[in-house]
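> Pasting the sequence and the predicted model now:
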Amino acid sequence: LLSASLMTHVALGALSDSYAFGTCDQVLDGDTFWFVADGQEARQKVRLGGIDAPEAHQRFGSKAKGNLKILLYGKKLEIQFLGTDAETGNKVVLVDAEGTDPARLQAFKGLAWLNPDDFDIVPMKKIEEYDELIYEAQVSHFGLWKERNYIPPWEYREKERRKNRR
């Protein structure tokens, strides 16, 4: 028998390529949310793998967050844990929300970029799928692609870090 502690770690995705079922109890932005595994009280902050959505305080940030909330909140989720985000320590995941891939829909609606930091852990098939959808959103001027010179979230985060160091 596994100890309760080990079972908690497996349920919360401490091991890469593990799976868990559960729910979202809070969406933080367009690609990050709190996940509660079935049968667990602890929750874990996770990030959708393969995409990087606008930060909450960026333009389109609230739209990306609102769309993710529609896609996740109150849905039964199957999470595949892929690894850990080196910058934040959040688990990087693929999500099936009752047959829907929320990262795919964020890309389709023009609410995300590809996240190059995930290329080594997200299956290439998913990266290619998201890339194609992001390209279609760009040429169709959907979502954030309506604007020119939009600052990608990784540049926005770096700018905020520099500003906060002063």
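Arrived safely, thanks for sending. Residues are numbered from 1 along each chain as shown.

> Could you give the average pLDDT over the lengthiest helix in the chain?
Ranked by residue count, the top helix of the chain under DSSP state H comes out as helix 124-140. Helix 124-140 shows an average pLDDT of 97 in the prediction.

> Tell me which other helices or strands it touches.
Applying 3 or more C-beta pairs under 8 Å, 6 or more residues apart in numbering; DSSP states H and E, one finds that helix 124-140 contacts helix 102-108, strand 113-114. Where C-beta positions appear, they are placed from N, C-alpha and C, glycine not excepted.

> partner strands of the shortest one, parallel or antiparallel?
Pairing partners of strand 113-114, with direction, according to DSSP bridges: strand 51-52 (antiparallel).

> For the protein, which residue occupies the most central location?
To find the centre residue of the chain, average its C-alpha atoms and take the closest one (C-alpha atoms, centre = their mean): that gives Leu48, at 2.1 Å.

> Distance-wise, check that one relative to Trp113.
Taking C-beta to C-beta, to the nearest Å as the measure, Leu48 and Trp113 are separated by 12 Å.

> Provide a list of residue ranges in this structure with pLDDT below threshold.
When residues are selected by pLDDT under 70, those of the chain lie in 1-17.

> Mind jotting down where the strands sit in it?
Taking DSSP state E as the test, the strands found in the chain are 19-27, 32-37, 43-48, 51-52, 77-84, 91-97, 113-114.

> Of the ones you listed, flag the one that's most buried.
Ranked by mean neighbour count under mean count of other C-beta atoms under 10 Å, the strands of the chain are led by strand 51-52, which reaches a mean of 24.

> Tell me which residues are up against that strand.
The contact list for strand 51-52 (C-beta atoms under 8 Å, 6 or more residues apart in numbering) reads 31, 103, 106-107, 112-115, 117, 130, 152-154.

> need the residues you listed in JSON lines with distance to Tyr19, can you?
As requested, the contacts of strand 51-52 are exported to JSON lines (distance: C-beta to C-beta, whole Å):
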{"residue": "Asp31", "distance to Tyr19": "20"}
{"residue": "Ala103", "distance to Tyr19": "16"}
{"residue": "Gln106", "distance to Tyr19": "21"}
{"residue": "Ala107", "distance to Tyr19": "22"}
{"residue": "Ala112", "distance to Tyr19": "23"}
{"residue": "Trp113", "distance to Tyr19": "26"}
{"residue": "Leu114", "distance to Tyr19": "24"}
{"residue": "Asn115", "distance to Tyr19": "21"}
{"residue": "Asp117", "distance to Tyr19": "22"}
{"residue": "Tyr130", "distance to Tyr19": "20"}
{"residue": "Pro152", "distance to Tyr19": "30"}
{"residue": "Pro153", "distance to Tyr19": "27"}
{"residue": "Trp154", "distance to Tyr19": "28"}
